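Chemist: got a predicted structure plus its sequence, pasted below:
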Amino acid sequence: MTRPRVLSGVQPTGSLHLGNWLGAIRNWVGLQDSHDTFFCVVDLHAITVPHEPGRLAEDTLTTAALYLACGIDPARSTVFVQSQVSAHSELCWLLNCVTPLNWLERMIQFKEKAIKQGDQVSVGLLDYPVLMAADILLYDADLVPVGEDQKQHLELARDIAQQRINARFSPKDAHGEPIPVLKVPEPLILKEGARVMSLTDGSSKMSKSDPNEGSRINLLDPPELITKKIKRAKTDPTMGLEFGNPERPESDNLLGLYAILSGKGREAAAAECAGMGWGTFKPLLAEAAVEALRPVQQRYAELRADRATLEAVLQQGRERADTVASESLQRVRDALGFLPA
Ligand code: TYM
């Protein structure tokens, strides 16, 4: 029996942070034994906002090395670079032509980013979710493990597959029943870590694009910097850490991070920190973060130093991804009626 498919990806923009790890990559690791897993570095998405050409390739390798350092095993998963499999761009075009413009204009992430960029906003940024749909649909993914902020993009991918391709273009079998062209994927958003918030504002998401470096912990931050960022993290005047108090978003966020990073879980963490002042709690959280990231950083240093091996992993991944993606692209081309090559 074939195993269900998984596909996910992270953009190689800046350095990856705790949100990317806890919301996404960490959840990929456990799926490798039970699922057929595909993880790509989505470099085409990274150029939807202004980027530095001199850094793109290195950031792509860094991101791939971080996948492996976090526990993605190239013997069990297909790890590849999105731009190296041309089917992503090609399917994106085919999907563009059936996706209503107003579906894209109502995407929350587009609206947020477009406000920041004013009239410099690119067509690529608007089209970002269609490229993401292409990434997913090319691999007939059953499951897409992502953080909470990607939920709307996943719904769009489902709508494109179901309403715009399958409903209109599915060929019929001998009994007149439609044979779906594309698999309709499900999101996998785990409760814990799905929405890691900024260290400087517990009501906004931890994000790579926040100009304040102190708002996030990057996976490659040295221990002293992690400790410093946590020491400076926003607090409130109340004694004792707790979950679920809407008046105390920083408490909810930092206690949540402690629960995951210490490995203690929410119940034990809440009991341990219920009567604790911030001054006692922060060093505990800093230590948990440093210890959780230590093995990731050690493995990363080894992997990143061996460029040839890393490139070989990506080459092998590219070949496997290309085989699967070309097949699904052909299916869509046929369904849309193109002249066969
Ligand atoms: P990116 O690079 O912005 O984010 C990568 C992953 O990290 C998750 N994430 C978070 N999770 C919890 N708390 C946060 N503060 C936080 N910030 C980010 C995101 O939800 C995401 O899972 N569009 C995607 C990249 C992409 C993709 C795909 C994902 C392109 N094609 C196909 C899945 C399938 C994105 O947000 O990248």
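Modeler: All right, it came through fine. What you see is a predicted model, and the numbers here were worked out from it, not measured in a lab.

Chemist: what's the closest residue to Thr13 other than its chain neighbours in contact with, if anything?
Modeler: In this structure, Thr13 finds its nearest non-sequential neighbour in Ala46, 4.8 Å apart by Cβ to Cβ, 6 or more residues apart in numbering. Every residue, glycine included, has its C-beta placed from N, CA and C. Contact analysis of Ala46 by Cβ atoms under 8 Å, 6 or more residues apart in numbering lists Gln11, Pro12, Thr13, Leu56, Asp59.

Chemist: from Gly9, how far out is Ala46?
Modeler: Distance of Ala46 to Gly9, given as Cβ to Cβ, to the nearest Å: 10 Å.

Chemist: cool, Gln84 as well?
Modeler: For Gln84 relative to Gly9 (Cβ to Cβ), the value is 13 Å.

Chemist: so Phe281, which state does it fall into?
Modeler: helix (DSSP: H, G, I helix; E, B strand; the rest coil).

Chemist: check contacts around Ser215.
Modeler: Ser198, Leu199, Thr200, Asp201, Met206, Ser207.

Chemist: quick one: contacts of stretch 270-282?
Modeler: 230-231, 233, 235, 239-243, 254-255, 258-259, 264, 284.

Chemist: which of the residues you listed are buried?
Modeler: Among the contacts of stretch 270-282, those that count as buried by neighbour count (16 or more other Cβ atoms under 10 Å) are Ile230, Ala233, Thr235, Leu241, Phe243, Leu254, Leu255, Tyr258, Ala259, Lys264, Leu284.

Chemist: what does the model give Ser209 for pLDDT?
Modeler: Looking at Ser209, its pLDDT stands at 87.

Chemist: before we move on, the earlier item: what's the closest of the contacts of stretch 270-282 to Leu137?
Modeler: Using Cβ to Cβ, Ala259 is the member of these that sits closest to Leu137, with 35.0 Å.

Chemist: that closest one: what secondary structure?
Modeler: helix.

Chemist: what about Glu58, distance to the ligand?
Modeler: 17 Å (Cβ to the nearest ligand atom, to the nearest Å).

Chemist: rounded mean pLDDT for whatever helix or strand that residue lives in, please.
Modeler: Secondary structure from DSSP states H and E places Glu58 in helix 53-69. Average pLDDT, helix 53-69: 97.

Chemist: tell me how far it lies from the chain's centre.
Modeler: Centroid separation for helix 53-69 versus its chain: 14 Å, with Cα atoms, centre = their mean, to the nearest Å.

Chemist: and the helix or strand following that helix, anywhere near the ligand?
Modeler: Per DSSP H and E, helix 53-69 leads on to strand 77-81 as the next helix or strand towards the C-terminus. No. Strand 77-81 lies apart from the ligand when judged by Cβ under 6 Å from any ligand atom; the minimum separation is 12.3 Å.

Chemist: after strand 77-81 comes which helix or strand?
Modeler: Next along from strand 77-81, by DSSP H and E: helix 87-96.

Chemist: can you point out the buried residues in that following helix?
Modeler: For helix 87-96, using 16+ other Cβ under 10 Å, the buried residues are Ala87, His88, Glu90, Leu91, Cys92, Leu94, Leu95, Asn96.

Chemist: tell me where the stretch 201-341 of the chain has helices.
Modeler: 223-231, 249-261, 266-273, 278-305, 307-336 (DSSP state H, counting those that start in this stretch).

Chemist: CA-only coordinates of the second one, as CSV, when you get a sec.
Modeler: Output in CSV follows, covering the C-alpha atoms of helix 249-261 (Å, rounded to 0.1, in the frame of the first residue of the first chain):
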residue,chain,number,x,y,z
PRO,A,249,-0.6,37.5,25.7
GLU,A,250,3.1,37.5,26.6
SER,A,251,2.5,35.1,29.5
ASP,A,252,0.6,32.8,27.2
ASN,A,253,3.3,32.9,24.5
LEU,A,254,6.4,32.6,26.7
LEU,A,255,4.9,29.9,28.9
GLY,A,256,3.9,28.0,25.7
LEU,A,257,7.5,28.3,24.4
TYR,A,258,8.8,26.9,27.7
ALA,A,259,6.3,24.0,27.6
ILE,A,260,7.6,22.9,24.2
LEU,A,261,11.3,23.7,24.5
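
Chemist: the helix or strand of the chain with the lowest mean pLDDT packs against which elements?
Modeler: Lowest mean confidence among the helices and strands of the chain (mean pLDDT, DSSP states H and E): helix 108-117, at a mean of 88. With contacts taken as 3 or more Cβ pairs under 8 Å, 6 or more residues apart in numbering; DSSP states H and E, helix 108-117 sits against helix 123-137, helix 151-159.

Chemist: let me know which of the ones you listed is tucked in deepest.
Modeler: helix 123-137 (a mean of 22; mean count of other Cβ atoms under 10 Å).

Chemist: who touches that helix?
Modeler: 7, 9, 40, 42, 44-45, 47-49, 82, 87-89, 91-92, 95-96, 99, 104-105, 107, 109-110, 113-114, 117, 144, 152-154, 156-157, 160-161, 182-183, 185, 328.

Chemist: try it again at 7 Å.
Modeler: 7, 9, 40, 42, 44-45, 47-49, 82, 88, 91-92, 95-96, 99, 104, 107, 110, 113-114, 144, 153, 156-157, 160-161, 182, 185, 328 (Cβ atoms under 7 Å, 6 or more residues apart in numbering).
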